[in-house]
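Undergrad: Here is a sequence together with a model predicted from it:
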Amino acid sequence: MSVESTTTVPAASGPDPLRTPPLVAGGAPLLGHAWNLVRDPLGFLAALRDHGDLVRIRLGPRTAYAVCDPELVGALLKSPEYIVGGPLWDTLEVLLGKGVATSNGRLHRRQRRMMQPAFRPERIAGYARVMEEEARATAARWRPGETVDVSAEMFRTAVRIVSRSLLEVDSIGEKADRVADSLHTVFEGLYRRMVLSVGPLYRVPTPANRRFENALADLHALVDEIVAERRAAAGPGGPQDLLAELLRATDESGRPLADQEIHDHVVSLVVAGAENVASTLAWTFHLLTEHPEQERQLIEEVNSVARDRAITFADLGDLPHTRNVITEAMRIRPAAWIFTRRSVAETELGGYRIPADADIVYSVYAMQRDPRSFERHLEFDPDRWLPERAGEIPEFAMMPFGVGNRKCPGDHFSMAELALILGTVAPKWRLERVPETDTGTRVGITLHPKRLVLRVQPR
């Protein structure tokens, strides 16, 4: 792929004028660089860094500003001049509604305050019992010599954990497969809707559009069933989880939250708590099959701590290599890989002029594989996160959970979940490739292996 930049043109006269970011040449008629994002999104976004810290690209009829420098991305995310918006979030709104992931301003602050208590350290220790049970159930479900769709298995495990711990849904066993199937179809359709701004085409009743609409409707119906089930169980003796707190919560005028707002929060929790965790685990197991020495160190560490029992939440502080394996997997194979923001008013970023209502794009996938920030940037090297080496990495070059007031409130929850599942399954089962394994990247709103079918053998 060839990418060229135009010459930067000053936006104003006088000393030190703000500059207009260079426009990346190329792109298709009408679609602009959206065609590059469909054809080779990861390669295209990574190549942008060679043409400037901040460049312009065309996504259909709109111009977007792509930020390629970690320091500028950090400034973008910490500045009140930019809000959650742009192609990604405009597209995700059909799935997430006005939940905590997509809201801004006063509404977002209120939603964060309502959710934050559910993710305090003492609460996570309580959720760990569910994580431990589900990790052990997954490891016990497999049989020697069988082939397992690891991505699907990890997704179902993650759905059960988030649903049992944060929502306490008794019927999640029967709903987990439906949630997984629906989300898979929805996420495939959402990515093309994000990069190809041709809304009328999505109303044409093609088979793909019908699959998307049916899956989205089924997912929203499932969430309504979950909320109704929990509302019926509400009361002094009922579950005291995050969903119960949402059902009891009131707005600024003292009124209960509307059903739609509760619905949107639940969708956000299930999507964020299952999709990203499942993708990270799938990539981690794949990477360990390719790096047996790292796998050996992880298993030796877990066995030295737990000996002849399954690990528990209390063991996690004694598993630094396991944590570094997960961190490095999130660096080189992030689940969430592209994000967008929108400027509130005309402003500047890194000396460049950003107009009002501009779409801003940045890719953590490209940043976390940037050779300027990471030595041997394409190498899977968990030891780069040892204390004596981690300090060399630029501050915003690695941000698996975001930064600033949009940082994921469930980061500690997710890290505990990842470590407990990996530390339970890996010491029991050796995973081997089979001919139908395809570890290429399936690009959607998140990144997954295309077909991570592996044979499981007992250790």
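TA: Right, received. Where do you want to start?
Undergrad: Could you use CA atoms for every contact and neighbour count after this?
TA: Noted.
Undergrad: Could you identify the helix or strand that succeeds the helix or strand residue 64 falls within?
TA: Using DSSP states H and E, residue 64 sits in strand 62-67. The first helix or strand that comes after strand 62-67 along the chain, using DSSP H and E, is helix 70-78.
Undergrad: Please identify the buried residues of that next one?
TA: Of the residues in helix 70-78, 70, 72-74, 76-77 count as buried by neighbour count, 16 or more other Cα atoms under 10 Å.
Undergrad: Tell me which residues of the single longest helix found in the chain come out buried.
TA: Ranked by residue count and defined by DSSP state H, the top helix of the chain is helix 207-232. Buried residues in helix 207-232, counted by 16+ other Cα under 10 Å: 209, 211-213, 215-216, 218-220, 222-224, 226-227, 230.
Undergrad: hmm, back to that, show me which positions of the strand holding residue 64 end up buried.
TA: Neighbour-count burial for strand 62-67, with 16+ other Cα under 10 Å as criterion, is recorded at 63-67.
Undergrad: hmm, who's touching that strand?
TA: 21, 48, 53-58, 73, 358-362 (Cα atoms under 8 Å, 6 or more residues apart in numbering).
Undergrad: Now with 6 Å, please.
TA: 54-58, 359-362 (Cα atoms under 6 Å, 6 or more residues apart in numbering).
Undergrad: any idea which residue sits dead centre in this structure?
TA: The residue lying closest to the centre of the chain (Cα atoms, centre = their mean) is residue 336, at 3.4 Å.
Undergrad: Leaving out chain neighbours, which residue sits closest to residue 189?
TA: In space, and not counting its chain neighbours, residue 189 is closest to residue 212: 6.1 Å by Cα to Cα, 6 or more residues apart in numbering.
Undergrad: Averaged pLDDT, stretch 356-363. What do you get?
TA: Throughout stretch 356-363, pLDDT has a mean value of 96.
Undergrad: Of the contacts of strand 62-67, which belong to strands?
TA: 54-58, 359-362 (DSSP state E).
Undergrad: From these, pick the one nearest residue 385.
TA: Proximity of these to residue 385 (Cα to Cα) peaks at residue 362, which lies at 23.4 Å.
Undergrad: For residue 406, see how far away that closest one is.
TA: In this view, residue 362 and residue 406 are 15 Å apart by Cα to Cα, to the nearest Å.
Undergrad: Comparing these two, which residue is more hemmed in?
TA: residue 362 (23 against 19; other Cα atoms under 10 Å).
Undergrad: Let me see the mean pLDDT of the strand holding residue 64.
TA: For strand 62-67, mean pLDDT is 94.
Undergrad: mind saving the C-alpha coords of that strand as CSV?
TA: Output in CSV follows, covering the C-alpha atoms of strand 62-67 (Å, rounded to 0.1, in the frame of the first residue of the first chain):
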residue,chain,number,x,y,z
ARG,A,62,-16.2,13.6,5.8
THR,A,63,-12.6,14.5,6.6
ALA,A,64,-11.2,12.8,9.7
TYR,A,65,-8.0,13.6,11.6
ALA,A,66,-5.8,10.6,12.5
VAL,A,67,-3.6,11.0,15.5
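Undergrad: Show me what residue 84 is bridged to.
TA: Taking DSSP bridges, one obtains residue 341 as the residues bridged to residue 84.
Undergrad: didn't residue 369 look like it was pressed against residue 377?
TA: Yes - at 5.3 Å, residue 369 and residue 377 qualify as touching, with contact defined as Cα atoms under 6 Å.
Undergrad: more crowded one of the two?
TA: More crowded of residue 369 and residue 377, by other Cα under 10 Å: residue 369, with 21 against 15.
Undergrad: gap between residue 191 and residue 48?
TA: Using Cα to Cα, we find residue 191 at a distance of 20 Å from residue 48.
Undergrad: residue boundaries of the helices in the stretch 1-150 of the chain?
TA: Residue ranges of the helices in the stretch 1-150 of the chain, as given by DSSP state H, counting those that start in this stretch, are 34-39, 41-47, 70-78, 87-96, 105-115, 121-141, 150-162.
Undergrad: Using CSV, please lay out the ones you listed together with mean pLDDT.
TA: Shown next, in CSV, are the helices of the stretch 1-150 of the chain (pLDDT from 0 to 100):
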stretch, mean pLDDT
helix 34-39, 86
helix 41-47, 95
helix 70-78, 95
helix 87-96, 82
helix 105-115, 83
helix 121-141, 93
helix 150-162, 91
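Undergrad: So for the buried residues of helix 207-232, which is the shakiest by pLDDT?
TA: Out of the buried residues of helix 207-232, that is residue 230, at 78.
Undergrad: so who does that residue touch?
TA: Under the criterion of Cα under 6 Å, 6+ apart, residue 230 has no neighbours.
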